[in-house]
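1. What follows is a predicted structure for the sequence shown.
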Protein chains: 2
Amino acid sequence: MYEGAIQDLIDALGRLPGIGPKSAQRIAFHILQADAEIATALVDSIRTVKERVKFCVECGNVSEEDQCRICRDPRRDNTLICVVEESKDVIAIERTREFRGKYHVLGGAISPIDGIGPEQLRIRELMARLADPGIVEVILATDPNLEGEATATYLSRMIKPLEIKVSRLASGLPVGGDLEYADEVTLGRAFEGRRDV
Amino acid sequence: MYEGAIQDLIDALGRLPGIGPKSAQRIAFHILQADAEIATALVDSIRTVKERVKFCVECGNVSEEDQCRICRDPRRDNTLICVVEESKDVIAIERTREFRGKYHVLGGAISPIDGIGPEQLRIRELMARLADPGIVEVILATDPNLEGEATATYLSRMIKPLEIKVSRLASGLPVGGDLEYADEVTLGRAFEGRRDV
């Protein structure tokens, strides 16, 4: 144990996700020994995020305005909604430049083990958006894991009665990967989803 | 890329040692979504460290006073100085409760590849302390790697003419380890350093 302040910093860093005691110690000493500007930049950016960043009232994406950049953009297609778990999934899909519709960020996935049920997610807000008769398709882009699949199944059951088309991102072999290294489940999905060429 | 503040925080976190872009993103969203107290505790502890923590004028260990806790302690043996690379090595040795002397923190090890020569380390300060005729032994506890060994060799050449006993921590098999998993160098050192029983 160190004296006072340095140990407090190690403890505070150690409470962040993915930072163990050894890296907390390394980062604390880095901050201690680095130029004052590095610490100031970090402190300022933490405070600015807590003060300025909020969640888009429409889609739940991170934003510094009431509405996020994508919801504000008049060129985006209002008839398509892509449902994702987290804001970082929005960034990943935007990077592909394949999708020009709007998003809906759930804030997680259904996971009984972690005590996350449908009420903890932004599903009520999604259903409210779907009351708009202009919406043609909802693309379920939750993660291809147990929780993401459960969430997609739950949502598709909720949305289908509204007579809106519901789709799910394709599962299959990663592009650039080796077939022999694919796990059985992925390879199985790739067979199931095979397409005529 | 995110909008403004959240991206600034991801960038600031990504400049810390051992934090890649993915963990920077994860930590930034954690800070964004967590209670305000978590962010406040982190901000306060960074500022307190930069304001309050300094280096002991005597041994170079981290301290909130001019002299660190160990240098201030009248029960510590003034005749022994244990030389280490970093403050975290002091903590590691203190944990063993084997050593009751004083420390000297070099602030690193000689590493020509990283442009660190003897002038960049607190070696002049060490030699000044060794002018005290009461000092009986210097224990070189630099890391058992290339840089640490080079530093120990350099220091022992500097100190021996002063007719002070110089020792080095033993290298050998880690206690609780398996002999068959020890690397050749460690096993070789363990043979070299074998003791009569």
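-> Now that the structure is in, tell me what you want to look at.

2. and stretch A:2-16 with chain B, contact?
-> Yes. Applying CB under 8 Å from any CB of the partner chain, one finds stretch A:2-16 touching chain B at A:Tyr2, A:Glu3, A:Gly4, A:Ala5, A:Ile6, A:Asp8, A:Leu9, A:Asp11, A:Ala12, A:Leu13, A:Arg15, A:Leu16. C-beta here means a position set from N, CA and C on the backbone, and glycine is covered the same way.

3. any chance of the residues you listed in CSV, plus secondary structure, neighbour count and pLDDT?
-> Shown next, in CSV, are the residues of stretch A:2-16 next to chain B (DSSP: H, G, I helix; E, B strand; the rest coil; neighbours: other CB atoms under 10 Å in any protein chain shown; pLDDT from 0 to 100):
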residue, secondary structure, neighbour count, pLDDT
A:Tyr2, coil, 22, 72
A:Glu3, coil, 16, 70
A:Gly4, helix, 16, 82
A:Ala5, helix, 22, 88
A:Ile6, helix, 24, 90
A:Asp8, helix, 19, 91
A:Leu9, helix, 28, 93
A:Asp11, helix, 15, 92
A:Ala12, helix, 22, 92
A:Leu13, helix, 23, 94
A:Arg15, coil, 13, 92
A:Leu16, coil, 21, 93
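
4. Can you tell me which residue is spatially central in chain A?
-> A:Glu86 (1.7 Å; CA atoms, centre = their mean).

5. tell me which helix or strand of chain A sits lowest on mean pLDDT?
-> Using mean pLDDT, DSSP states H and E, the weakest-scoring helix or strand in chain A turns out to be helix A:184-192, at a mean of 78.

6. quick check: longest strand of chain A.
-> Scanning chain A for the strand with the most residues, using DSSP state E, yields strand A:77-84.

7. Show me the beta-bridge partners of A:Gly101.
-> As for beta bridges, A:Gly101 partners with A:Asp77 under DSSP bridges.

8. Please tell me I have it right and A:Thr186 contacts A:Gly172.
-> Yes. With contact defined as CB atoms under 8 Å, A:Thr186 counts as touching A:Gly172 (7.1 Å).

9. Okay, now the unreliable bits of chain A?
-> The model of chain A has pLDDT under 70 over residues A:1, A:197.

10. Could you pull out the strands in chain A for me?
-> For chain A, the strands defined by DSSP E occupy A:54-55, A:62-63, A:77-84, A:101-105, A:137-140, A:165-168.

11. For the helix ranked longest in chain A, list every residue counted as buried.
-> The longest helix of chain A (DSSP state H) is helix A:36-52. In terms of neighbour count (16 or more other CB atoms under 10 Å in any protein chain shown), helix A:36-52 has its buried residues at A:Ile38, A:Ala39, A:Ala41, A:Leu42, A:Val43, A:Ser45, A:Ile46, A:Thr48, A:Val49, A:Lys50.

12. ok, now stretch A:100-119?
-> Within stretch A:100-119, the residues that count as buried by 16+ other CB under 10 Å are A:Gly101, A:Lys102, A:Tyr103, A:His104, A:Val105, A:Leu106, A:Gly107, A:Gly108, A:Ala109, A:Ile110, A:Ser111, A:Ile116.
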